[in-house]
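Undergrad: The following block contains a protein sequence and its predicted model.
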Amino acid sequence: MCPTLTAQTSGVYRLESLIRIRKLIPLECFRLMGFDDADYQKVKQAGISNSQMYKQAGNSIVTDVLYYIYKELYKAMPYLFEDIKLASFFSGIGAFEKALNRFYHEMRNENLEE
């Protein structure tokens, strides 16, 4: 949290917060985006730096959001999912793959109703 500066005729005052905010670790960022710990471990074992892991998590789409987009698309246009193929330039843990795998798993179990 950034302290706030105020200027008045009697001088400059610095308002400080008593709240301490800690930085999220890359694992927490991956979890927030809907990836599981095994996905994080794959990235970590590949030797990716923490700064790159932050970027990867930040540039991803939340897998749950993407799952619900697929779900609504299926309700409106089920023929789109008859012969869908998805390729990734990454190590197989992309958000699109995870959401699509979840969607197909739910579809096979017929749990697509809300």
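TA: Sure, I can see it. Numbers count the residues shown, from 1 in each chain.
Undergrad: which one is residue 29 nearest to, not counting chain neighbours?
TA: residue 57 (3.8 Å; Cβ to Cβ, 6 or more residues apart in numbering). Placement of C-beta: from N, CA and C, glycine included.
Undergrad: Repeat that for residue 50.
TA: Among residues not flanking residue 50 along the chain, residue 26 sits closest, at 5.4 Å (Cβ to Cβ, 6+ apart).
Undergrad: do you know how far that neighbour is from residue 39?
TA: Distance from residue 26 to residue 39, counting by Cβ to Cβ, to the nearest Å: 11 Å.
Undergrad: Restricting to C-alpha, output the strand or helix carrying residue 65 in PDB.
TA: Assigned by DSSP states H and E, residue 65 belongs to helix 63-76. C-alpha atoms of helix 63-76 as PDB (Å, rounded to 0.1, in the frame of the first residue of the first chain):
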ATOM      1  CA  THR A  63      -9.800 -21.400 -16.500                       C
ATOM      2  CA  ASP A  64     -13.200 -21.300 -14.800                       C
ATOM      3  CA  VAL A  65     -14.300 -18.300 -16.800                       C
ATOM      4  CA  LEU A  66     -13.300 -20.100 -20.000                       C
ATOM      5  CA  TYR A  67     -15.100 -23.200 -18.900                       C
ATOM      6  CA  TYR A  68     -18.400 -21.300 -18.500                       C
ATOM      7  CA  ILE A  69     -17.800 -19.600 -21.900                       C
ATOM      8  CA  TYR A  70     -17.500 -23.000 -23.500                       C
ATOM      9  CA  LYS A  71     -20.600 -24.200 -21.600                       C
ATOM     10  CA  GLU A  72     -22.700 -21.300 -22.900                       C
ATOM     11  CA  LEU A  73     -21.400 -21.700 -26.400                       C
ATOM     12  CA  TYR A  74     -22.300 -25.400 -26.300                       C
ATOM     13  CA  LYS A  75     -25.900 -24.500 -25.200                       C
ATOM     14  CA  ALA A  76     -26.200 -22.100 -28.200                       C
END
